[in-house]
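> build me a model from this:
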Amino acid sequence: MDRRFPSLRSEAAGAVRTMLASAESLQLTLKPELSQEEQALTHSNGKPKETHLLQNEDLKEMLESNKESLKLEAMKRIVGLISKGKNASELFPAVVKNVASKNIELKKLVYVYLVRYAEEQQDLALLSISTFQRALKDPNQFIRASALRVLSSIRVPIIVPIMMLAIKEAATDLSPYVRKTSAHAIQKLYSLDPDQKEQLIEVIEKLLKDKSTLVAGSVVVAFEEVCPDRIDLIHKNYRKLCNLLVDVEEWGQVVIISMLTRYARTQFTSPWKEDSVFDENNEKTFYDSDSEEKKDQSEAKPYMMDPDHRLLLRNTKPLLQSRNTAVVMSVAQLYWHLAPKHEVSVVTKSLVRLLRSHREVQYIVLQNIATMSIQRKGMFEPFMKSFYVRSTDPTHIKTLKLEILTNLANEANISTILREFQTYVKSQDKAFAAATIQAIGRCATNISEVTDTCLNGLVLLLSNRDESVVAESVVVIKKLLQTQPTQHSEIIKHMAKLFDNITVPMARASILWLMGEYCDRVPKIAPDVLRKMAKTFTAEEDIVKLQTVNLAAKLYLTNSKQTKLLTQYILNLGRYDQNYDIRDRTRFIRQLIVPSEKSGALNKYARRILLAPKPAPVLESAFKDRDRFQLGTLSHSLNVKASGYHELSDWPSVAPDPSVRNVEVIEPVNEWAPSLGKAKKPKSDDKFYSDDEEKEEEGSEGSSSEDDSSSSSSKDSDSGSEEESSEESEETSSGSGGSSSGSEKSSSESEPEPRQKKKTKKMPQRNRKAAASDSDSDENGNVDQASSSASESSTESESESDSGSDSPAPPKKKEADAQPKMAVKSKKEVSLLDLDDFTPASTNAPKPSLVSSSLLSDLEGLSLSNVSSAVQVTSPSFGPVKTYELLHHMTGKGLSAKYHFPRQPCLYQPTMVSVQVILTNSSDHVLEEVHVGERSPAGLNLHCFNTIERLEPGASVTVSMGVDFSDSTQAANFQLCTKEDQFSVSIQPAVGELLMPFTMTEADFSKEQRNLQGMNETSATIAMATANTPRQAVSKQVLSVANVGVVSSSQDGTLRFCGRTVSSKALLLVSLDLTEPSAVLLTINTEKTVMASMLLRDLKRALAQA
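Take a look at the predicted model:
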């Protein structure tokens, strides 16, 4: 029965095939592929070789039949078998016979088969060379290309001359598809016979001049394969490749961008020079005299970007919106390696967008972002939430996101990041939880303000149930304690108590190392730990045994009375251990510490060897050294130099001659370039008429974040290029689909003035007024904020509030007439917007008691929580208000400015801190148009005071400003301008001024304090200058440092204060325990751990003087 069964199967399969053949002859359509039953019969375990041969025989019969339909069906099946990885090489003779078929579809499939097997069946393929040569002149371009592809696949040295002739003919073919195939064939011929290099370079040079976008990518690949060092071939074609780049296929774009990156690093000077001024217009040197020019050049050379360098950056920028992730990554690495530092941030949004793609793409993109974030944190800081870990992310993605978050950590955002890390530590993924603990350690090392907070949090993790978390915490604590061991003997004692419960070898070894290193700080505990280890020495892991021997040796040197016998016992155990490392270490230690005749002079240096101070370990990012590889390459991903990797050359100190890129015949290029933009020109003219309306539409739609960022960079790019290149760039950018109002602005700016005047006449009356106000705001530099907020993809409401806060700053004509009169009448008169009700306009510090009751009732209606109670708390407890110097009269050429924080709610925005500035004219002449100019950083939310048209000699005026510090003590930098001069000034807030007083009951205070423990709690014991300091004096010192409210307390020995941060409304609780007569225990609870550390430092200083 078993013997009959395979024969029955083969007969059944034959019957099915005959039925298919008869159906074809009857022109019936059945399923062309084999069914599951047929496949099961064909691949049966009985005799697969026989059934396979039968199948091949059947296909051979179909290929040899006279009917084209059967041959076509057979070829389809054969190509299907090849695509599934099956071997169809036995059918080569039968397939080759059909190479001369007149059916184009059949011929294409035959060529597909021959490309696959021509290399294996070289002898049979050579018999058909005459057919291939005839096919090279076939009228069908696909046949010509397929014939060349097959010919180049026959890897036999004899036919190299034939291949070379075929490639040369195909390179001059009328069809771009055939020319592209010839470029692919160049690489195959070069790998077969490298001696043909010179002739192939001639063909490459000819193909590089090709204007077809289909050919560009393929010929650049051939160039990179055959002669990557022949940069002279690129000179004449550089601008053409830059202009064609947008229209080339995606695969070709990646290759061309990579090649142009290498080219640019050899032909242009570095835009990163720190000692040079970045100036693309260079108008000053044009108008100044020759002598002044020489002086300027000797002092600082302005950096002039080569127009061709700018052309490359401008034409690659639209590709950041490509759907292909490889193209976006290529453009990102080009900007990283070639663009000026202030333009690299253009790629940030595009890279963040790629994080929504597949895991494989995320992995590569995150690796590159991790490298970039080390050098330039500011690029990715606004998008920090994009790197938060999701529960669905795999471990390798989680660890990369963790790496980036650690790189982005700074004083401003560390509290948010640590709160995120607290959640990650509880993850079920053990490897990820361990990596999070390491990240906390890195944050503690890099940011000194949170070192204590992180240590406290890691100590709490020592009581975790998960052994891996405990072990990793011990290892990280060990590294952190090395940085400041004197302050943390309590932590070492706590770890010694937990020693018996910890089973992970690495953690036990770390605790033993700490005991040995700081044995003088725990003199009673260390010998006891050594006693316990002596009991379990034989059962411990090798790494624990080694540290036990080290601990014994160090204790022998420092406390030999208690540990001499223990040390001898442990050394005897180690002498006969199974591990030879432990045996060797034991013998070495014995000779080193125990004096004997053999040890000689070595014993004298035992203490200096074993107890030498060790340098603290540096916790660094794993991606710190990866910047030596080019971004986006395999070498960068593996962190190892891969074969075929070409290193980027250093920037040349002097740029090579740029005239080599000038093309002799420019007309074809000029004809081609405007042809893309001709249809767009009238569209841009129409947009000019409705420029203001478009701005309104963009504001209402809220979809202009990407466009604004592209427009701002296009402005920068246009300023450094020549007129012709700027026109070409506008046309290409409009053709690439980047619809931005910034491109329209740049086009309108480049137009001559008379033409603009004509157009403005046609504008409606309302639009002209809007345009006038826009131009005024441009002069004062207040539009920068709106554009920057839009580029940071802010919401509609935020952009409206920003524009609303900036609207009083630009001077309008009516206000300009009214302002001087008010300034002349009296020095003390200030408008309502200048907070006249809050403080009188005087040079001295204002008294806190001057607060009108009517204004307080109005303030209760504002969107500030518990304002009335807060004012009641703060009004009697202002203390001395400090006044800081903003601008000295010598620096300000007669204009002096001082500022102070009135500690009143800001009328302009609830997230702003109110600042009052006293401007004084100390000169003997009138100062005109005193106003606020440019600000830094560009996204700074700053409410400026109205322009002061005239400030008489000796006069002073008090004005109010609002600054959103975003709960950071980073200085708000801006320019204080007069009509003639500009002065850079900065307002540096104390951390206590970033708070708003708040009241609550004692019960609520205790409840909130319990919620803000662990990493959110910072405490210190402060020694008072005098014993039994009165409560009022302590309270006064606290309120002078921080703008907080007093919480009533039923306990005599406790003071409580409460406040909220102005910007984020985060709760901040301060409590002081006064039970000790000469010391105060100060505790601060808040999510803003950096603010807590800084406030603790200020309060320490103040209370020590109380």
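> mind giving me the domain split of this structure?
9-19+53-267, 505-613, 876-989, 995-1104 (the TED database).
> off-centre distance for the shortest one?
Going back to what we said before, that points to domain 505-613. Mean-position distance between domain 505-613 and its chain equals 47 Å (C-alpha atoms, centre = their mean, to the nearest Å).
> and it, average pLDDT?
The predicted model gives domain 505-613 an average pLDDT of 87.
> measure it end to end?
Terminal residues of domain 505-613 lie 25 Å apart, using C-alpha to C-alpha, to the nearest Å.
> repeat for stretch 521-529
End-to-end for stretch 521-529, by C-alpha to C-alpha: 14 Å.
> contacts for that stretch, please.
485-486, 489, 492-493, 496, 499, 511-512, 515-516, 519, 551, 555, 559, 562-563, 566 (C-beta atoms under 8 Å, 6 or more residues apart in numbering). All C-beta atoms are positioned from the backbone trio N, CA, C, and that covers glycine.
> for ChimeraX, write a command that selects the buried ones of the residues you listed.
Selection of buried members from those for ChimeraX, criterion 16 or more other C-beta atoms under 10 Å:
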select :485,492,496,499,511,512,515,516,519,551,555,559,562,563,566
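> related to what we said a few turns ago, rebuild the domains of the chain as TSV, extending it with distance to Lys479.
Output for those, formatted as TSV (distance: least, C-beta to C-beta, whole Å):
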stretch	distance to Lys479
domain 9-19+53-267	39
domain 505-613	9
domain 876-989	28
domain 995-1104	18
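> ok, Leu546 touching Asp581?
Yes. Applying C-beta atoms under 8 Å, one finds Leu546 in contact with Asp581, separated by 7.2 Å.
> spell out the secondary structure type for the residue lying closest to Phe945 once chain neighbours are set aside.
Nearest residue to Phe945 in three dimensions, chain neighbours excluded: Val959, at 3.8 Å (C-beta to C-beta, 6 or more residues apart in numbering). Three-state assignment for Val959 (DSSP: H, G, I helix; E, B strand; the rest coil): strand.
> still on that earlier bit, settle it for me: which of Leu546 and Asp581 has more neighbours?
More crowded of Leu546 and Asp581, by other C-beta atoms under 10 Å: Leu546, with 20 against 12.
> give me the element that one is part of.
Using DSSP states H and E, Leu546 sits within helix 542-558.
> counting by contacts, list what that helix packs against.
helix 505-517, helix 525-535, helix 560-575, helix 580-593, helix 606-610 (3 or more C-beta pairs under 8 Å, 6 or more residues apart in numbering; DSSP states H and E).
> ok so, going back, out of the domains of the chain, which is closest to Asp625?
domain 9-19+53-267 (20.2 Å; C-beta to C-beta).
> from the chain's centroid, how far away is the closest one?
On C-alpha atoms, centre = their mean, the centre of domain 9-19+53-267 falls 41 Å from that of its chain.
> now that domain: mean pLDDT?
85.
> of all the domains of the chain, which one comes closest to Leu631?
Closest among the domains of the chain, using C-beta to C-beta: domain 9-19+53-267, at 9.7 Å.
> among the helices and strands packed on helix 542-558, which is the most enclosed?
Counting by mean count of other C-beta atoms under 10 Å, helix 505-517 has the highest mean neighbour count of the helices and strands packed on helix 542-558, with a mean of 23.
> give me the contact list for it.
Under C-beta under 8 Å, 6+ apart, the answer for helix 505-517 is 470-472, 474-475, 477-478, 481-482, 485, 492, 495-496, 499, 502, 522, 525-526, 529-530, 533, 540-541, 543-544, 546-548, 550-551, 553-555, 614.
> ok and it relative to helix 542-558, angle-wise?
10 degrees (axes from the mean of the first three to the mean of the last three C-alpha atoms, to 10 degrees).
> can you pull up the most central residue in this structure?
Phe380 (3.8 Å; C-alpha atoms, centre = their mean).
> is it true that it touches Leu405?
No. Applying C-beta under 8 Å as the test, Phe380 and Leu405 come out as separate, 9.8 Å apart.
> joint contacts of these two?
Phe387.
> what's downstream of the helix or strand hosting Val110, the next helix or strand?
Applying DSSP H and E as the criterion places Val110 in helix 104-117. Later in the chain than helix 104-117, the nearest helix or strand by DSSP H and E is helix 122-126.
> and the helix or strand following that following helix, what other elements does it pack with?
Remark: after helix 122-126, the chain's next helix or strand is helix 129-135, criterion DSSP H and E. Applying 3+ C-beta pairs under 8 Å, 6+ apart, one finds that helix 129-135 makes contact with helix 141-153, helix 160-171.
> could you check the angle the helix or strand that the shortest one is followed by makes with helix 141-153?
From helix 160-171 onward toward the C-terminus, using DSSP H and E, the following helix or strand is helix 176-192. Relative orientation of helix 176-192 and helix 141-153, computed by the same axes, to 10 degrees: 0 degrees.
> circling back to that earlier point, the helix holding Leu546: which residues count as buried?
Neighbour count says helix 542-558 has 543-558 buried, by 16+ other C-beta under 10 Å.
> ok so, going back, tabulate the helices and strands packed on helix 542-558 (TSV), appending distance to Val95.
Listed next are these as TSV, based on distance: least, C-beta to C-beta, whole Å:
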stretch	distance to Val95
helix 505-517	63
helix 525-535	77
helix 560-575	75
helix 580-593	66
helix 606-610	79
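> out of those helices, nearest to Phe983?
helix 505-517 (53.8 Å).
> give me the angle between that closest one and helix 525-535.
130 degrees.
> now do Asn66 against Asn98, distance only.
Using C-beta to C-beta, to the nearest Å, Asn66 is found at 12 Å from Asn98.
> have a look at the two and say which one is more surrounded.
Asn98 (20 against 6).
> can you name the residues that contact Thr483?
Contacts of Thr483 (C-beta under 8 Å, 6+ apart): Thr445, Thr451, Ala616.
> what subset of those is buried?
Buried among the contacts of Thr483 by 16+ other C-beta under 10 Å: Thr445, Thr451.
> mind putting the contacts of Thr483 into a markdown table with pLDDT, secondary structure and distance to Thr213?
What follows is these, written out as a markdown table (pLDDT from 0 to 100; DSSP: H, G, I helix; E, B strand; the rest coil; distance: C-beta to C-beta, whole Å):
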| residue | pLDDT | secondary structure | distance to Thr213 |
| --- | --- | --- | --- |
| Thr445 | 86 | helix | 52 |
| Thr451 | 83 | helix | 57 |
| Ala616 | 74 | coil | 58 |
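> what's the neighbour count on Val365?
Neighbours of Val365 (other C-beta under 10 Å): 23.
> and the host helix or strand of it, C-alpha only, in PDB?
Val365 is located in helix 359-375, with elements delineated by DSSP H and E. Extracted C-alpha coordinates of helix 359-375, given in PDB (Å, rounded to 0.1, in the frame of the first residue of the first chain):
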ATOM      1  CA  ARG A 359      10.100  50.300  14.900                       C
ATOM      2  CA  GLU A 360      13.100  49.800  12.600                       C
ATOM      3  CA  VAL A 361      12.900  53.400  11.400                       C
ATOM      4  CA  GLN A 362      12.400  54.600  15.000                       C
ATOM      5  CA  TYR A 363      15.500  52.800  16.100                       C
ATOM      6  CA  ILE A 364      17.800  54.400  13.500                       C
ATOM      7  CA  VAL A 365      16.300  57.900  13.800                       C
ATOM      8  CA  LEU A 366      16.500  57.800  17.600                       C
ATOM      9  CA  GLN A 367      20.200  56.700  17.400                       C
ATOM     10  CA  ASN A 368      20.900  59.800  15.300                       C
ATOM     11  CA  ILE A 369      18.900  62.100  17.600                       C
ATOM     12  CA  ALA A 370      20.800  60.700  20.600                       C
ATOM     13  CA  THR A 371      24.100  61.800  19.000                       C
ATOM     14  CA  MET A 372      22.700  65.200  18.000                       C
ATOM     15  CA  SER A 373      21.200  65.900  21.400                       C
ATOM     16  CA  ILE A 374      24.500  65.600  23.100                       C
ATOM     17  CA  GLN A 375      26.000  68.600  21.300                       C
END
